[in-house]
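In: Have a look at this fold, sequence not included:
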């Protein structure tokens, strides 16, 4: 006996399987949004009209298939008189857009009191412009879907709230000259990125230093790393490569990171010299 399968059932099963990896916080946000909308006596179309989004976009957010952007949340808060209950979820919604391997570190990073990073290959994510970040994600292998590129870029920009968070975090970045000169995107992308570094470097709590290109050994040749200190004054180290990461808490290992970072800062250009080098790059394009 031949079994005839309904193609609609196959589509339903496929949709369920594709949705199984979606972050739970997106579904929770959607349930809350639906509750607030119904309490306000609005259907999805009416809410969309009120906040400037389509029916399909509102439905996707309510069903947890699409994460709400900060602008969506701000508009929904006003239209529904939500009293901040949607806004309080926004950071978690944004964090869930990050690659899975990075999410736990992002939670710790957001609450850190200090964060020091050495990056030899690319501009650090906390300093990237949207255009630069999109160029990085667009070069991913295997290729990422456009929606995933959008989500990763949005999440990366959301992390940058740490730069101007109150209370301030003490932030330091040592970036190699090779990373600065590596053309990720076109001239316009790079010019905007260099200008971003100059702007961020003027913040009271941020120092940007450049490790100049010159022959010879320095302690950063082993690769990029991050050091941070939590609110409880625990010092941690973080390393990442090829979408694999490791968070280190052993005091001896973290101490070694600290010694290396201290030496890198002495070998790099100081803040003023670094800004002058970046200004020359801007003038060359």
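Out: Looks like it arrived, so ask away. None of these values were measured; they are calculated from a predicted model.

In: which residues in the stretch 1-150 of the chain form helices?
Out: 7-19, 24-39, 44-51, 55-62, 70-80, 87-95, 103-110, 130-138, 146-159 (DSSP state H, counting those that start in this stretch).

In: Does residue 261 lie in a helix or a strand, and which?
Out: helix 251-267 (DSSP states H and E).

In: do residue 209 as well
Out: Applying DSSP H and E, one finds residue 209 within strand 206-211.

In: Can you list the strands that that strand pairs with?
Out: strand 170-176 (parallel) (DSSP bridges).

In: how is the chain carved up into domains?
Out: The record's domain parsing of the chain by automatic domain parsing lists 7-95, 100-284.

In: Same list, those, but as TSV with mean neighbour count and mean pLDDT please.
Out: (C-beta placed from N, C-alpha, C; glycine too.) Putting these into TSV (neighbours: other CB atoms under 10 Å; pLDDT from 0 to 100) gives the following:
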stretch	mean neighbour count	mean pLDDT
domain 7-95	16	87
domain 100-284	16	96
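
In: Not counting sequence-adjacent ones, nearest residue to residue 61?
Out: residue 68 (5.1 Å; CB to CB, 6 or more residues apart in numbering).

In: who touches stretch 276-285?
Out: 177, 180-181, 187, 190-191, 194-195, 197-198, 201, 208, 210, 212, 269 (CB atoms under 8 Å, 6 or more residues apart in numbering).

In: Those in strands, which ones?
Out: Counting by DSSP state E, the part of the contacts of stretch 276-285 found in strands is 208, 210.

In: and which of the contacts of stretch 276-285 is nearest to residue 233?
Out: residue 208 (24.8 Å; CB to CB).

In: who's in contact with the closest residue to the closest one other than its chain neighbours?
Out: In this structure, residue 208 finds its nearest non-sequential neighbour in residue 201, 4.1 Å apart by CB to CB, 6+ apart. The contact partners of residue 201, by CB under 8 Å, 6+ apart, come to 207-208, 271, 274-275, 278.

In: do the same with residue 69
Out: Residue 69 touches residue 154, counting by CB under 8 Å, 6+ apart.

In: And it, how far from residue 242?
Out: 29 Å (CB to CB, to the nearest Å).

In: Tell me which residue is most central in this structure.
Out: Centroid-nearest residue in the chain, with CA atoms, centre = their mean: residue 156, separated by 1.8 Å.

In: I figured that one hits residue 125, correct?
Out: Yes: using CB atoms under 8 Å, residue 156 is in contact with residue 125, at 5.2 Å.

In: hey, what's in contact with both of the two?
Out: Common neighbours of residue 156 and residue 125 (CB under 8 Å, 6+ apart) are residue 133.

In: other SSEs contacting the helix holding residue 261?
Out: For helix 251-267, the packing partners by 3 or more CB pairs under 8 Å, 6 or more residues apart in numbering; DSSP states H and E come out as strand 114-119, strand 170-176, strand 206-211, strand 225-229, strand 235-241.

In: change it to 6 Å
Out: strand 225-229, strand 235-241 (3 or more CB pairs under 6 Å, 6 or more residues apart in numbering; DSSP states H and E).

In: Turn those strands into CSV, including distance to residue 78.
Out: Shown next, in CSV, are those (distance: least, CB to CB, whole Å):
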stretch, distance to residue 78
strand 225-229, 35
strand 235-241, 38
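
In: For residue 79, which of the ones you listed is the nearest?
Out: strand 225-229 (38.1 Å).

In: quick check: angle from that closest one to strand 114-119?
Out: 180 degrees (axes from the mean of the first three to the mean of the last three CA atoms, to 10 degrees).

In: Run through the residues that contact residue 155.
Out: 94, 97-98 (CB atoms under 6 Å, 6 or more residues apart in numbering).

In: Tell me the spacing between it and residue 235.
Out: Taking CB to CB, one finds residue 155 at 25 Å from residue 235.

In: Same check on residue 174?
Out: 18 Å.

In: how much space between the closest residue to residue 74 other than its chain neighbours and residue 196?
Out: Of all residues not flanking residue 74 in the chain, residue 87 sits nearest, at 7.4 Å (CB to CB, 6+ apart). Note on residue 87: its distance to residue 196, by CB to CB, is 26 Å.
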